[in-house]
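# attaching a predicted model along with its sequence, questions to come.
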Amino acid sequence: MKRIGVVGAGAWGTALALTARRAGRDVVLWAREASVVESVNAAHLNPEFLPGVTLDPAIRATGDFADVADADAVLLVPPAQHLRVSCRALAPYWRAGTPAVICAKGIELATCATMAEAVAAELPGAVIAVLSGPTFAIEVARGLPTAITLACADPALGRKLVEALGTASFRPYLSDDLAGAQMGGAVKNVLAIACGIVEGRGLGDNARAALITRGLAELTRLAVAKGGRPETLMGLSGLGDLILTASSTQSRNYSLGFALGQGRSLAAILAERHSVTEGVHTAGAVMDLAGRLGVEMPICAGVDAVINRGVGLDEAIARLLSRPFRAEGI
């Protein structure tokens, strides 16, 4: 694990490149934009996606998929809806047995595939792992303490990846539950939009706490239906990620929900944004997947109704508050 490739030079990909370098690895960072490649290599900066952070001069950027695939492990960090296309471009250069560490969070809108399912289809020779948990890129980039789940079915490989990426301030916790880790990372983005709406609408802290708790129950139901374990969702890639993303304006999903709650239109909010807000795309995919699996997810359904189906906020909120009373449980 001497050489780490990172595909995707957004904020999270750049932060992970810094982390791998701090762990003593040789790092190659693939960027789609030629301007980012030039800036990282010449100025050791990525002002377009991670402003205010100076990069280690040893991090080398490239626009060549063959270059980034020539590594002992590759971190896949494109937006979730673009992960499959990136893997298809990597496929001609991929060496069988190379670990593919999925760092994107979402469910594929067109197919309802998880990120691991999309990667397996395009890179059949890859050994798949998942890195997911409560992480704001800027804090990781600055070396602030962070704990995260690294899920891998092969425990020996999982330990090697933990050793390759772990530092005193970036602490991966090993799991073998890829399904649970992926569902937590995907669904929490949708729930964070809902929490932002609650705050922007002035519905109170009681409502937000209730929403986080009941949201955790419904994301656990979906994870279990996909083969995950409930205890995984009580950990970093489930509850931890949900608490972070659903309670801070640093979260793109929470801040989008907050703006919606204040009455702004989705189109106007997205027009101002340079980075992807994953929950907007994932809401529809989550509901399609839940429908296929027969899983009830009323909070996610409310977000999907507002974002994709033209339902007003007041009507969506009224639908949730008029649901029948029931026993607590997942």
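In hand now; what should we look at?
# apart from its chain neighbours, what residue comes closest to the most centrally placed residue in the chain?
For the chain, K105 is the residue whose C-alpha lies nearest the centre (C-alpha atoms, centre = their mean; 2.7 Å). Among residues not flanking K105 along the chain, G185 sits closest, at 3.6 Å (C-beta to C-beta, 6 or more residues apart in numbering). C-betas here are computed from N, CA, C, even on glycine.
# over to G204?
V198 is the one closest to G204 (C-beta to C-beta, 6+ apart), at 7.7 Å.
# so who does that neighbour touch?
Each residue near V198 by C-beta atoms under 8 Å, 6 or more residues apart in numbering is listed here: G204, A207, R208, L211, G257, G261.
# swap the cut-off to 10 Å and go again
By C-beta atoms under 10 Å, 6 or more residues apart in numbering, the contact set of V198 is 204-212, 246, 254, 257-258, 261, 317.
# out of these, which is most surrounded?
For those, the largest number of neighbours (other C-beta atoms under 10 Å) sits with G257, at 30 neighbours.
# any idea which element that one lies in?
Assignment of secondary structure by DSSP states H and E places G257 within helix 252-261.
# whichever helix or strand comes after that helix packs against which elements?
Reading on from helix 252-261 to the C-terminus, the next helix or strand found by DSSP H and E is helix 266-271. On a contact count with 3 or more C-beta pairs under 10 Å, 6 or more residues apart in numbering; DSSP states H and E, helix 266-271 meets helix 252-261, helix 278-293, helix 298-308.
# nearest to R326, of these?
Closest to R326 of these is helix 298-308 (C-beta to C-beta; 10.7 Å).
# in that closest one, what counts as buried?
I299, C300, A301, G302, V303, D304, A305, V306, I307 (16 or more other C-beta atoms under 10 Å).
# hmm, which two among those residues are most spread apart?
I299 and I307 (12.9 Å).
# overlap of the contact sets of the two?
Common neighbours of I299 and I307 (criterion: C-beta under 10 Å, 6+ apart): V190, I193, A316.
# tell me the domain ranges of the chain?
Domain assignment for the chain by automatic domain parsing gives 3-176, 180-321.
# if we go by neighbour counts, what in stretch 109-128 is buried?
Result for stretch 109-128 [16+ other C-beta under 10 Å]: buried residues 109, 112-120, 122-123, 126-128.
# quick check: the farthest pair among those?
Pairwise across these, and taking C-beta to C-beta, the largest span is found between L109 and V127, at 26.1 Å.
# alpha carbons of stretch 235-248, as PDB, please.
C-alpha atoms of stretch 235-248 as PDB (Å, rounded to 0.1, in the frame of the first residue of the first chain):
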ATOM      1  CA  GLY A 235     -22.200   3.400  14.400                       C
ATOM      2  CA  LEU A 236     -20.200   6.000  12.500                       C
ATOM      3  CA  SER A 237     -21.500   5.300   9.000                       C
ATOM      4  CA  GLY A 238     -25.100   5.400  10.300                       C
ATOM      5  CA  LEU A 239     -26.000   7.500  13.300                       C
ATOM      6  CA  GLY A 240     -22.700   9.300  13.300                       C
ATOM      7  CA  ASP A 241     -23.000  10.500   9.800                       C
ATOM      8  CA  LEU A 242     -26.700  11.400  10.200                       C
ATOM      9  CA  ILE A 243     -26.000  13.500  13.300                       C
ATOM     10  CA  LEU A 244     -23.300  15.500  11.600                       C
ATOM     11  CA  THR A 245     -25.100  16.000   8.300                       C
ATOM     12  CA  ALA A 246     -28.500  16.800   9.800                       C
ATOM     13  CA  SER A 247     -27.400  19.400  12.300                       C
ATOM     14  CA  SER A 248     -24.800  21.700  10.700                       C
END
